[in-house]
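[1] fold the following and give me the result.
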Amino acid sequence: MSDLLARRLPARGAFEEVWFIEGSLDAERAFWLRYSLARTGSGPLEATVWAVAVEGDLVQAARESIATDPAGDALVRTPFGTLTGQRATGRIGALQWDLGLDARSGHDHVPETLARLGLTGRHYASPGLDLRVTGSLAIGDISLSLHDAPAVLGHIWGARATTRAWAWSHCSAFELHPDARFEALSAQLTLGPVTLPWATSAVVEVYGKRFAFTRTRTLFRARSKVGERDWYLDAESDGARLRAAVKLGAPEHVARIGLTHVNGRRTRVRNSPLSTLRVQLVHPDVGDVHLRSHRACLELAKAEDASEGEFAPHLGF
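    Numbers count the residues shown, from 1 in each chain. Okay, here's the model as predicted:
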């Protein structure tokens, strides 16, 4: 497991930490698991487990929350779901899972300089950029067996949600390049009343080589265009050129999520683990590489003001 796993946020004061696993078995079956810990001010620590499973036309989603103590040796431990560095288990609603986790590489999307300045408010890294999952996932009476299924283990932490919007995508299930991995994040940060330009980080692994686009001096130079259902990005770093286009999957496979952060900010999210992705990477070491997949994860999110109507944390389709 990547050493990024050891970067925990102390469970003191206002607190927010999220771990998620998202991946697919094939072009019609996918899953998304989300374990979170949060505390507002001096209130109790609350753990929440969310699960989404897609099996063809059958889509199930469930969410449970409970007041809890710090997780001890586990990343998150609740009566309805536990996450460690090697295993994810849970049972909520019609969904049940027991999955072994094998993370083979990781990536930190926030440069050290930016993290020290505290501009991001929250931090995102992938301890499992190349995560392989083995075990079982049940949707009611349907039982699915997973063996080295491609997925991602992501980690978000920090009590200050300062992001006005974000777009995130991951894929480790490319059609003609099973060794390839891709992940990118664009975030529109705010400093008080000022909204900054999109900051974009990305990483591509292919043919045994890694190409990272995560330097402080290149974050704001990348071109990122985020739409209602799609995202286009164009980035350059150290002689490498990356272009990517990703579109949300079928409407019935898009989960709609409402988040309320510990600092009061509210965010509406759309997430699909069966999205379409095209990547072009150009570099002298690998030439002109084209990657394609219908099994990419895509998440698009926007913050909203309290004046925009009633709102409560929720998960649905």
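[2] residue contacts, G13?
    Shown in contact with G13 (C-beta atoms under 8 Å, 6 or more residues apart in numbering): 39, 41-42, 159. (Each C-beta comes from the backbone N, C-alpha and C, glycine too.)
[3] local confidence estimate at it?
    Looking at G13, its pLDDT is 72.
[4] then W198?
    91.
[5] that one contacts S186, doesn't it?
    Yes - judged on C-beta atoms under 8 Å, W198 makes contact with S186 at a distance of 5.0 Å.
[6] give me the low-pLDDT residue ranges for the stretch 1-150 of the chain?
    For the stretch 1-150 of the chain, the stretches flagged by pLDDT under 70 are 1-2, 7-12, 71, 113-121.
[7] should've said the stretch 201-317 of the chain
    Residues of the stretch 201-317 of the chain meeting the criterion pLDDT under 70: 305-314, 316-317.
[8] mind running it again at 80?
    Under the criterion pLDDT under 80, the flagged ranges of the stretch 201-317 of the chain are 261-265, 304-317.
[9] for it, which segments count as strands?
    Secondary structure of the stretch 201-317 of the chain (DSSP state E, counting those that start in this stretch): strands at 209-213, 223-226, 230-237, 240-247, 255-260, 266-283, 287-304, 314-316.
[10] okay if I get the ones you listed as JSON lines plus distance to G81?
    JSON lines is the format used below for the strands of the stretch 201-317 of the chain (distance: least, C-beta to C-beta, whole Å):
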{"stretch": "strand 209-213", "distance to G81": "32"}
{"stretch": "strand 223-226", "distance to G81": "31"}
{"stretch": "strand 230-237", "distance to G81": "30"}
{"stretch": "strand 240-247", "distance to G81": "29"}
{"stretch": "strand 255-260", "distance to G81": "17"}
{"stretch": "strand 266-283", "distance to G81": "18"}
{"stretch": "strand 287-304", "distance to G81": "20"}
{"stretch": "strand 314-316", "distance to G81": "14"}
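[11] residues in contact with the residue lying closest to D26 once chain neighbours are set aside?
    Excluding its sequence neighbours, the residue lying closest to D26 (C-beta to C-beta, 6 or more residues apart in numbering) is R295, at 7.4 Å. By C-beta under 8 Å, 6+ apart, the residues touching R295 are 24, 26-27, 30, 150, 171, 173, 273-274.
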